[in-house]
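*Asks:* let's see this in three dimensions:
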Amino acid sequence: MSTTMTNNGLLPALFLQRAGAALAKLFTPAPKRPLTRAEEAEEVRALARSLQRHDRGFAADLFAAAARHEGLQ
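*Replies:* So this is what the prediction gives:
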């Protein structure tokens, strides 16, 4: 982001930045319910499957992490 000094200083730019952030919050969807451990683990497994062809070691680490996470109570 570039800012320019005006006769009023940075006030207009800061106002626009904060107004934009406030508007963005208005249009943000409501948060979804928290994921269960099984759902989180499945998302990690999906990521691992997508990386398996490119980095087998990292994918294996992700599979192991998902299994550990799912086993925690």
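*Asks:* how far out from the middle of the chain is stretch 23-31?
*Replies:* Stretch 23-31 sits 15 Å away from the centroid of its parent chain (C-alpha atoms, centre = their mean, to the nearest Å).
*Asks:* in that stretch, what counts as buried?
*Replies:* When burial is assessed from 16 or more other C-beta atoms under 10 Å, stretch 23-31 yields no buried residues. Quick note: C-beta positions are derived from backbone N, CA and C, even for glycine.
*Asks:* and that stretch, what's its mean pLDDT?
*Replies:* Mean pLDDT, stretch 23-31: 74.
*Asks:* what about it, start to end distance?
*Replies:* Start-to-end span of stretch 23-31 (C-alpha to C-alpha, to the nearest Å) is 17 Å.
*Asks:* got it, and stretch 19-35?
*Replies:* From its first residue to its last, stretch 19-35 covers 32 Å (C-alpha to C-alpha).
*Asks:* what sits up against that stretch?
*Replies:* By C-beta atoms under 8 Å, 6 or more residues apart in numbering, the residues outside stretch 19-35 that reach it are Glu43.
*Asks:* same check on stretch 54-69?
*Replies:* Where contact means C-beta under 8 Å, 6+ apart, the residues beyond stretch 54-69 that reach it are Arg37, Glu40, Ala41, Glu42, Val44, Arg45, Leu47, Ala48, Arg49, Leu51, Gln52.
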